[in-house]
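In: Provide a 3D model corresponding to the input given below.
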Amino acid sequence: MHKCIECGGTEAEWSCFQANLGSASDGRLRMHDVHTIFVLSCTECYKDIRKMTGDDVAQQMTKEYNDLRRKKD
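Out: Numbers count the residues shown, from 1 in each chain. From the prediction side, this is the model:
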């Protein structure tokens with residue numbers, strides 16, 4: 001892993017949360033208003049290193065899966 005640009009830490013971890021990216025207020029949300037966001041953060045200073053949407057993560061996982069299958073064939 002690269003060093004954190006804020007504190008020089010070398011450990012990081014992923015976390016995820018749901019966010020309302022629409023204009024609906026809490027209690028009036030529809031499924032399309034709620035999105036999952038993944039965040040890679042330094043474990044020492046909690047600086048965000050990378051953010052990805054749930055769709056981005058799914059696309060990346062699909063690509064990696066297909067790449068691994070091609071290597072096995």
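
In: For the protein, which residues score under the pLDDT cut-off?
Out: Applying pLDDT under 70 to the chain picks out residues 1.

In: how about the helices in it?
Out: With DSSP state H as the criterion, the chain has helices at 54-72.

In: And the residue nearest the centre of it?
Out: Nearest to the mean C-alpha position of the chain, by C-alpha atoms, centre = their mean, lies residue 38 at 2.2 Å.

In: Quick check: bridge partners of that residue?
Out: Residues in a beta bridge with residue 38, per DSSP bridges, are residue 16, residue 52.

In: now do residue 20
Out: residue 34.

In: Distance of it relative to residue 29?
Out: Distance, residue 20 to residue 29, using C-beta to C-beta, to the nearest Å: 6 Å. C-betas here are computed from N, CA, C, even on glycine.

In: now swap in residue 16 and tell me
Out: 18 Å.

In: swap in residue 54?
Out: 16 Å.
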